[in-house]
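A.B. asks: Would you be able to build a 3D model of this:
(one chain, ligands or ions: 2)
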Amino acid sequence: MGEEIGFLGLGIMGKAMAVNLLRHGFKLTVWNRTLSKCDELVEHGASVGETPAAVVKKCKYTIGMLSDPAAALSVVFDKDGVLEHICTGKGYIDMSTVDADTSSKISEAITSKGGHFLEAPVSGSKKPAEDGQLVILAAGEKALYEEALPAFNVMGKKSFFLGHVGNGARMKLVVNMIMGSMMNAFSEGLELADRSGLNPQTLLDVLDLAAIANPMFKMKGPPMLQNNYTPAFPLKHQQKDMRLALALGDENAISMPVAAAANEAFKKARNLGLGDLDFSAVHQTVKGGEL
Ligand SMILES: NC(=O)C1=CN([C@@H]2O[C@H](COP(=O)(O)OP(=O)(O)OC[C@H]3O[C@@H](n4cnc5c(N)ncnc54)[C@H](OP(=O)(O)O)[C@@H]3O)[C@@H](O)[C@H]2O)C=CC1
Ligand SMILES: O=CC(=O)O
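C.D. replies: Ligands and ions are numbered 1, 2, ... in the order given. Modelled structure (predicted):
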């Protein structure tokens, strides 16, 4: 289907998104810092690029799905990075969750070489990525957005174009700030129900019928009751998002005591060695005890 698309970053999300694109007939050239992670994608029909620069050289546009601002910057600016081969007629789409400043730096560097840039962070986790049910929060060059829409329509259930670079990053951080705060309130509620003699499973049933019912409580609640925190959204990334959202709050003089407390709980969870588990493992900071 059409020209080759580049894909950089095959972690939990990148792998799921890339496999989904391949299943839908897109041709992909992939790269990952740990190159062995490309093997599974090759089994699904992908080609491998030795470096980000090699991928960009081959593809009309390239997608990045990287862990955090440092990784997103490194893949673009370091030796053998995206910048080496980006040029007029080529595009770069960063789908990582980063702050607006990081995204703007990348945008300026790409456009100064004649390339096109779009930020397009996503809401939705591993399963929505596998099922093509992400919500895509794009901003930047409208022409690149339109060019990428066939791929976005496979990866997501809805794409928003939010205007200039930075707006996609900000929207994603606001959404994840709310999500991280909710996860903390949910964890406290599960533990409060349990310790005060209620059946936490009954609490899940009540919540599911109440005005605050939501897919996150429904999906995460049962495994949390089993102390099962198999990572879909790693806790270290949720804490990164809280940190970046709080910085956005600083910039705009918005007092966010709830988000600040949630960030502290995620930091504590990281300190307990839970950073690579699912973000629902913040539950353990309320619960205590061994996993
Ligand atoms: N998981 C989720 O539910 C969701 C995640 N996100 C966001 O998507 C992004 C990716 O998340 P996810 O897939 O879960 O994360 P993972 O931790 O599973 O994957 C991170 C990816 O970034 C790469 N990476 C890390 N550091 C560097 C570096 N310095 N240079 C090059 N590559 C690097 C990793 O490579 P390597 O394999 O070599 O370590 C890996 O490919 C994050 O920004 C996250 O916040 C957004 C929505 C949902
Ligand atoms: O960023 C995480 C998500 O679930 O969305």
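A.B. asks: who's in contact with the residue in the stretch 151-291 of the chain positioned nearest to ligand 2?
C.D. replies: Nearest residue of the stretch 151-291 of the chain to ligand 2, counting by Cβ to the nearest ligand atom: residue 233, 4.6 Å away. Backbone N, C-alpha and C define where each C-beta goes, glycine included. Residues near residue 233 by Cβ atoms under 8 Å, 6 or more residues apart in numbering: 12, 125-126, 278-279.
A.B. asks: Pick out the residue of the stretch 151-291 of the chain closest to ligand 1.
C.D. replies: Residue of the stretch 151-291 of the chain nearest ligand 1, by Cβ to the nearest ligand atom: residue 233 (3.2 Å).
A.B. asks: nope, the chain is what I meant
C.D. replies: Per Cβ to the nearest ligand atom, residue 11 is where the chain lies closest to ligand 1, at 1.8 Å.
A.B. asks: Tell me the predicted confidence for that residue.
C.D. replies: On pLDDT, residue 11 comes in at 98.
A.B. asks: neighbours around it, how many?
C.D. replies: Neighbour count for residue 11, taken as other Cβ atoms under 10 Å: 19.
A.B. asks: And the one 3 residues further on, by the same measure?
C.D. replies: By other Cβ under 10 Å, 25 other residues sit near residue 14.
A.B. asks: Against ligand 2, how distant is it?
C.D. replies: Using Cβ to the nearest ligand atom, to the nearest Å, residue 14 is found at 13 Å from ligand 2.
A.B. asks: what helix or strand does that residue sit in?
C.D. replies: Secondary structure assignment for residue 14, by DSSP states H and E: helix 12-23.
A.B. asks: How is the protein partitioned into domains?
C.D. replies: Following the assignment in automatic domain parsing, the chain carries domains at 4-163, 170-287.
A.B. asks: Tell me if residue 160 really is in a strand.
C.D. replies: Yes - according to DSSP: H, G, I helix; E, B strand; the rest coil, residue 160 belongs to a strand.
A.B. asks: give me every residue that touches it.
C.D. replies: Counting by Cβ under 8 Å, 6+ apart, residue 160 has contacts 135-138, 171.
A.B. asks: and if you look at residue 156?
C.D. replies: Contacts of residue 156 (Cβ under 8 Å, 6+ apart): 122, 124, 132-136.
A.B. asks: rerun that using 7 Å as the cut-off
C.D. replies: Residue 156 is in contact with 122, 132, 134-136, counting by Cβ atoms under 7 Å, 6 or more residues apart in numbering.
A.B. asks: when you check ligand 1, which of those residues turn up near it?
C.D. replies: Among the contacts of residue 156, the residues within reach of ligand 1 (Cβ under 6 Å from any ligand atom) are residue 122.
A.B. asks: okay if I get the contacts of residue 156 as CSV plus neighbour count, pLDDT and secondary structure?
C.D. replies: Compiled in CSV, these are given as follows (neighbours: other Cβ atoms under 10 Å; pLDDT from 0 to 100; DSSP: H, G, I helix; E, B strand; the rest coil):
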residue, neighbour count, pLDDT, secondary structure
122, 24, 98, strand
132, 19, 98, coil
134, 27, 98, strand
135, 17, 98, strand
136, 26, 98, strand
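A.B. asks: List the buried residues of the longest helix along the chain.
C.D. replies: Identified as the longest helix of the chain according to DSSP state H is helix 167-195. Neighbour-count burial for helix 167-195 flags 167-177, 179-184, 186-191, 193 (criterion: 16 or more other Cβ atoms under 10 Å).
A.B. asks: and it, average pLDDT?
C.D. replies: 98.
A.B. asks: Residue 283 against residue 224, yeah?
C.D. replies: Yes - using Cβ atoms under 7 Å, residue 283 is in contact with residue 224, at 5.2 Å.
A.B. asks: hmm, back to that, among the contacts of residue 233, which are within reach of ligand 2?
C.D. replies: Within the set of the contacts of residue 233, contact with ligand 2 (Cβ under 6 Å from any ligand atom) is found for residue 125.
A.B. asks: quick one: which of the contacts of residue 233 sit in helices?
C.D. replies: 12, 126.
A.B. asks: any chance of the contacts of residue 233 in CSV, plus distance to residue 244?
C.D. replies: Output for the contacts of residue 233, formatted as CSV (distance: Cβ to Cβ, whole Å):
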residue, distance to residue 244
12, 19
125, 18
126, 21
278, 19
279, 15
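A.B. asks: how close does the spatially closest residue to residue 131 that is not a sequence neighbour sit to residue 256?
C.D. replies: Nearest in space to residue 131, with sequence neighbours left out and distances taken as Cβ to Cβ, 6 or more residues apart in numbering, is residue 20 at 7.6 Å. Relative to residue 256, residue 20 is positioned 34 Å away (Cβ to Cβ, to the nearest Å).
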